[in-house]
Each structure stands twice: as structure tokens, then as C-alpha cells.
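sequence-free structure coming up:
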């Protein structure tokens, strides 16, 4: 019997993380399954043969996509050749909708079933794309409970599986030990700067984050700044940004656990911060052209996932022209000096964590994938 074959496409570091968990569960249930596609180092380590890396595919903003279009077209055409030469029994798409929805059409034309894991954020871009998605996708596995109704109304087979972060985030971290290893005392109040995982994000966000920290440091001299290093970037990449008062760590989750307050780039990291429960603000900045176009396309009031899941703004957001030290520092200072507000944010973050479902998302999606292959 020919072993089953699955193609998986993930285009960003968060997709690499969640894709790796899914691959491990598939291999646990069906060790002989061949898995190919686009992924990062975590998916490769879990056993996937990668045609391209997420490092190549992680592109931020509209203008950046236009600039990288030749690469995107080359990757798209290569994968079509793979579909025709060795058709997989199942195509699994992980987020990354700009590329994945176009490729889903190619799979459907060839009769290959499509499972979409981690839905395109249609609640941000408008639900007008949902009928198109329903035509291209056979099964949708969503990670936010409120997404189920959106797809079900369009007649799409959809299941809320819970958020995979609950499977992958380390628990039981020792904040005091982390501070000691960083050269701080147990009483130190850490201020975490988390500028994202991609070079573009770090270049746009970190300088202003540092300016904000320096302003706060004058009013709160007890604060000690620590910058989170992306696993995709080397320490030398950060060297031009840092000075003597800031330290760098690759232990991002330990930093989240130990920080008294944080500045976090919008994205999955805001939900990771929810898991550890310490107050933070959401930051985001892209090119002016991308932001101008996005204003006409994005239909949500809040951009941070933490606020979207909450259904209201529980942590401040500083987006584009508001992402300035002069605007951020006074707001953060207000939270740091208002103990009741600080505790209220902590309470709200704990409540959001319960909305993320229960652990086991990767296992549930793996079982879903194998059932789809059996039916096909």
C-alpha cells in the first residue's frame, strides 16, 4: 500500500510553530505519512520536506508583497508542478491567506481535498470573502470560537479546535531565575520590548520602543529593559539598536513571564502575552502606502488579537502615526502608577485565556486530517 502524502503550506513563524505541532500529531497517529510543502525549521525538524522556507515567504504589507511578487509567482508555480507530479492525498493550509487561497483553487481544480487550519482573518478584512473560501475549502479548523458562526452561515464545514498556543507555550517558568540569569535582582521590575519576529518589524518598531523605554526610565528608574530576540534573527542584527541600558534575550516566554510591563508587536505574540497575564500595550507599524490601503480594507476597531478576542479594548493600541514615544510613554506611565487599573488588566487577561479553548488543538486537527484522507 502506498503511504499517505500530505502537503502543508505555512508562510510565517507562527505557522511554522503550529504546523510543527500538527506534523508531530499526524506522525504519532500515522508514522508512515509523507509530508511536504512550505515551512520553517520547526516543521522541518518535525519531519516535513520543505520546498521553501517560511523565512523566504514572511512578507509584511501590500507594497512588500508587490516587491516580492516574482518570488511568490515562482513558488506558486513550483507547487503546482508538485501537485501534478505527485498529487497529495490532502492539502493543509495554515493561515497565510494571500498565497494559500490562490493555491487552494489549484488543488480544488485537481480534486485534492483542502483543510484550512487557522482561518484567514475574515472578521478583519470583511466577510465578503467567506463565500469564496467556502467554495475552495472542504473543511475549516478555526482557533477562535467566534469564527465558527461566520463560516457556518456560508455552509462551510467548520470546527472550533481551540488555540494551538495552549499546546506549545511553556508553563512553570521561574521569573526569579530568569532575572538572576539576566544579571538582575529578584526585586527588579523588567520592561519587555517585543518588536516581532521578522526583520521588517524589528526595524520599524524597535527604535521607537527604545525611545519610549528611555522616557519611562527617567520617571521610573527601577525599570530595566530587555529586548526579545527572534529565533529568525541573530544577536548581531540587534546590535545597532541596543545600548548599555538594554539587554537582549532569546528566551521570549521567560521574558513575558517575568516582565512587569511590555510593549508587544501586534500578532500572535499578543496572545502569548495573555497566557502569562502581565499587562502590555500593542504596537504596529507598516509602510505608509500599506497602511493607507489597509484603512480602506480592514473593518475592525481593534487590531490586537487580544482585544479582538475580548470584544473590547482591554490593552492600549498604538498603531502607525500613534506609534510614537511621545504618545505611548504617558499612557504606559498612567498604567504603572494606577495599581487598580494595572490589576484590572491582569484580571481581563485571565478571562481572555479561558476563551482560547482547551489544550489539544494539534491532535484534534491531525485526527480531522486523517479522516478526510480516509474519505477521499
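Here it is on my side, so go on. Keep in mind the model is a prediction, meaning the values are calculated, not measured. Numbers count the residues shown, from 1 in each chain.

give me the below-cutoff pLDDT ranges for the chain.
1, 58-68, 123-127, 286-300 (pLDDT under 70).

hmm, 50 instead?
Across the chain, the ranges flagged by pLDDT under 50 are 60-63, 290-294, 296-297.

domains for it, by residue range?
5-164+360-375, 175-354 (automatic domain parsing).

and the last one, how far out from the chain middle?
Here domain 175-354 shows a centroid-to-chain-centroid distance of 15 Å under the convention C-alpha atoms, centre = their mean, to the nearest Å.

distance between the ends of that domain?
23 Å (C-alpha to C-alpha, to the nearest Å).

next one: the shortest one
Distances were taken as C-alpha to C-alpha; on that basis the terminal residues of domain 5-164+360-375 are 14 Å apart.

how far away from the center of its chain is it?
Worked out by C-alpha atoms, centre = their mean, domain 5-164+360-375 lies 14 Å from the chain centre.

now the strands: where do they sit in the stretch 251-376 of the chain?
In the stretch 251-376 of the chain, the strands defined using DSSP state E, counting those that start in this stretch lie at 259-265, 280-284, 317-319.

make CSV from the domains of the chain and add mean neighbour count to it.
Quick note: C-beta positions are derived from backbone N, CA and C, even for glycine. As requested, those are exported to CSV (neighbours: other C-beta atoms under 10 Å):
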stretch, mean neighbour count
domain 5-164+360-375, 19
domain 175-354, 18
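
which of the strands of the stretch 251-376 of the chain sits closest to residue 148?
Residue 148 lies closest to strand 280-284 among the strands of the stretch 251-376 of the chain, at 24.8 Å (C-beta to C-beta).

I'd like the strands of the stretch 251-376 of the chain laid out as JSON lines, including distance to residue 112.
Below are the strands of the stretch 251-376 of the chain laid out as JSON lines (distance: least, C-beta to C-beta, whole Å):
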{"stretch": "strand 259-265", "distance to residue 112": "35"}
{"stretch": "strand 280-284", "distance to residue 112": "36"}
{"stretch": "strand 317-319", "distance to residue 112": "39"}
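
what's the closest of those strands to residue 208?
Per C-beta to C-beta, nearest to residue 208 of those: strand 280-284, 7.9 Å.

neighbouring strands - and their directions - for the closest one?
Strand 280-284 has its sheet partners listed here by DSSP bridges as strand 259-265 (parallel), strand 317-319 (parallel).

partner residues bridging residue 190?
residue 224, residue 259.

now do it against residue 260, distance only.
Residue 190 sits 6 Å away from residue 260, going by C-beta to C-beta, to the nearest Å.

which residues do the two both contact?
residue 223 (C-beta atoms under 8 Å, 6 or more residues apart in numbering).

ok, back up a step: figure out which of the strands paired with strand 280-284 is closest to residue 114.
strand 259-265 (30.2 Å).

include distance to residue 38 when you put the strands paired with strand 280-284 into TSV, please.
Converted to TSV, those look like this (distance: least, C-beta to C-beta, whole Å):
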stretch	distance to residue 38
strand 259-265	23
strand 317-319	29
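
just to revisit the earlier point, can you tell which of the strands of the stretch 251-376 of the chain is closest to residue 369?
strand 259-265 (30.7 Å).

for residue 333, which non-adjacent residue is closest in space?
Nearest non-adjacent residue to residue 333, counting by C-beta to C-beta, 6 or more residues apart in numbering: residue 219, 5.8 Å away.

no wait, residue 348
Nearest non-adjacent residue to residue 348 (C-beta to C-beta, 6+ apart): residue 314, at 4.2 Å.

how about that neighbour, what does it touch?
306-307, 345, 348-349, 352 are the contacts of residue 314 under C-beta under 8 Å, 6+ apart.

tell me how far the most centrally placed residue in the chain lies from residue 302.
Among the residues of the chain, residue 268 comes closest to the average C-alpha position under C-alpha atoms, centre = their mean, at 3.2 Å. Distance from residue 268 to residue 302, counting by C-beta to C-beta: 15 Å.

same question for residue 273.
15 Å.

the stretch 51-200 of the chain: helices as residue ranges?
Along the stretch 51-200 of the chain, counting by DSSP state H, counting those that start in this stretch, helices occupy 54-57, 62-67, 69-85, 97-109, 122-125, 130-136, 147-152, 165-168, 175-181, 199-219.

what about these, which gets the closest to residue 30?
helix 165-168 (19.0 Å).

got a list of contacts for that closest one?
Under C-beta under 8 Å, 6+ apart, the answer for helix 165-168 is 17-18, 21, 268, 271-272, 275, 356-362.

apply 10 Å and report the result again.
Helix 165-168 has contacts (C-beta atoms under 10 Å, 6 or more residues apart in numbering) with 14, 17-18, 20-22, 24-25, 42, 143, 253, 268, 271-272, 274-275, 353, 356-363.

kindly report the same for stretch 145-153.
So stretch 145-153 is contacted by 116, 118-123, 127, 130-131, 133-134, 137, 140-142, 144, 156-160, 162-163, 308-309, 311, 355-357 (C-beta under 10 Å, 6+ apart).

what about the helices of the stretch 51-200 of the chain, which gets the closest to residue 245?
Nearest to residue 245, of the helices of the stretch 51-200 of the chain and by C-beta to C-beta, is helix 199-219 at 7.0 Å.

returning to what we had before: list the contacts for the residue nearest to residue 333?
Counting by C-beta under 10 Å, 6+ apart, residue 219 has contacts 329-330, 332-333, 336-337.

quick revisit: quick one: closest of the strands of the stretch 251-376 of the chain to residue 94.
strand 259-265 (19.8 Å).

got the angle between the closest one and helix 199-219?
140 degrees (axes from the mean of the first three to the mean of the last three C-alpha atoms, to 10 degrees).

all set, thanks.
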